[in-house]
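Novice: Got a sequence here, can you build the structure:
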Amino acid sequence: MTTANLADAEKPLVGMVHLPALPGAPEFSGDFEGVRQAALRDARRLEAGGVDALMLENFGDAPFYPDDVPKHVVASMTRVAAEIAEEVDLPIGINVLRNDAEAALSVASAVGAEFVRVNVHVGARVTDQGIVEGKAHETVRLREQLNAEAAIFADLDVKHSAPLADRPLDAEAVAEPIERGLAEGVVVSGAGTGHEVPADHLAAVAEARDEAGLDAPVFIGSGVTPENAADLLEVADGAIVGTALKEGGETTNPVSVERVEELVAAADEVR
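Specialist: Model (predicted):
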């Protein structure tokens, strides 16, 4: 099972660097140096705790632009991502909320990031930003134009959203972002940030992937904890983890090295 451009680890754990509100966002503190230092601190702690890769996300920028963030957001994220890339020796991914894949790929190309997450790569979802549509046709072409090597990880039924219409979770549905959208892997999440992925849903995605004959990883995108990591990673090929790694289990708190180590130890039971 390939993990695309991620670390050479079995069932890799990707630790989230949740950026505080950036300049221009309603909750921006006015202190960009503080934003930089918080991001660098969390990146160092995630590396010290033993994760296999990092993902940088503009988590504090709510309410999010649907699919086209301003240029100053791209500039801020590029600066922080470049500094993290210099600071830590781990693969880095980029996610630009809500669904700006063009920005994510642009940042990734500039800093040499190894993957991007795209919340809606194909199809369409109803979100708090309205109807968000996938732009795989633009995203994949941009990757070619930039000569970028960043892998694309596309969400299935992304958190904080609902489908426009009911559709069975079958081999065709899981294959679509891979075969038609040319993504390298898929991400399965719970209903919201920090919410656990239902075990039966995760198993159904993995089974549909296998039925479609795809050699593409299934990553968990939310809700992984030390308590459930071993069970979930028996099925999934890796996990993207944020909330469980923070002090007190609060998404907006600093990363706790101890909590990272606890999760890594739990994952090691099945690696």
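Novice: For burial, what's the neighbour tally of Ala165?
Specialist: Using other Cβ atoms under 10 Å, Ala165 has 6 neighbouring residues. Placement of C-beta: from N, CA and C, glycine included.
Novice: so how far is Val88 from it?
Specialist: Per Cβ to Cβ, to the nearest Å, Ala165 is found 42 Å from Val88.
Novice: same thing with Leu263?
Specialist: Here Leu263 is placed at a distance of 18 Å from Val88 (Cβ to Cβ).
Novice: try Asp166
Specialist: 43 Å.
Novice: Ok, Gly60 next?
Specialist: Separation of Gly60 from Val88 (Cβ to Cβ): 21 Å.
Novice: Ok, Glu234 next?
Specialist: Noted for Glu234: a distance of 29 Å to Val88, by Cβ to Cβ.
Novice: Those two: who's more crowded?
Specialist: The neighbour count for Glu234 versus Val88, taken as other Cβ under 10 Å, is higher for Val88 (19 against 14).
Novice: Isn't that one up against Leu56?
Specialist: No. The criterion here is Cβ atoms under 8 Å, and Val88 misses it with Leu56 at 11.2 Å.
Novice: Quick check: Gly15 is in a helix.
Specialist: No. Gly15: not assigned to a helix; according to DSSP: H, G, I helix; E, B strand; the rest coil it is strand.
Novice: Name whatever forms a beta bridge with it.
Specialist: Beta-bridge partners of Gly15, counted by DSSP bridges, are Leu54, Val241.
Novice: How many residues are close by it?
Specialist: Gly15 is flanked by 27 other residues according to other Cβ under 10 Å.
Novice: give the contact list for it.
Specialist: Leu46, Gly49, Val51, Ala53, Leu54, Met55, Val241, Gly242, Leu245, Val255, Val260 (Cβ atoms under 8 Å, 6 or more residues apart in numbering).
Novice: Next: Gly60.
Specialist: His18, Leu19, Pro20, Ala21, Leu22, Ala25, Glu27, Phe28, Thr252.
Novice: hmm, 6 Å instead?
Specialist: With Cβ atoms under 6 Å, 6 or more residues apart in numbering as the criterion, the residues that contact Gly60 are Leu19, Pro20, Ala21, Glu27.
Novice: just the residues you listed now: which is nearest Glu33?
Specialist: Pro20 (11.5 Å; Cβ to Cβ).
Novice: For the closest residue to the closest one other than its chain neighbours, give me the pLDDT.
Specialist: Distance criterion Cβ to Cβ, 6 or more residues apart in numbering; nearest residue to Pro20, sequence neighbours excluded, is Gly60 at 4.3 Å. Residue-level confidence at Gly60 comes out at 98, pLDDT.
Novice: quick one: Gly60 from Gly134, how far?
Specialist: Counting by Cβ to Cβ, the gap from Gly60 to Gly134 is 25 Å.
Novice: again, but for Glu258
Specialist: Applying Cβ to Cβ, the value for Glu258 to Gly134 is 39 Å.
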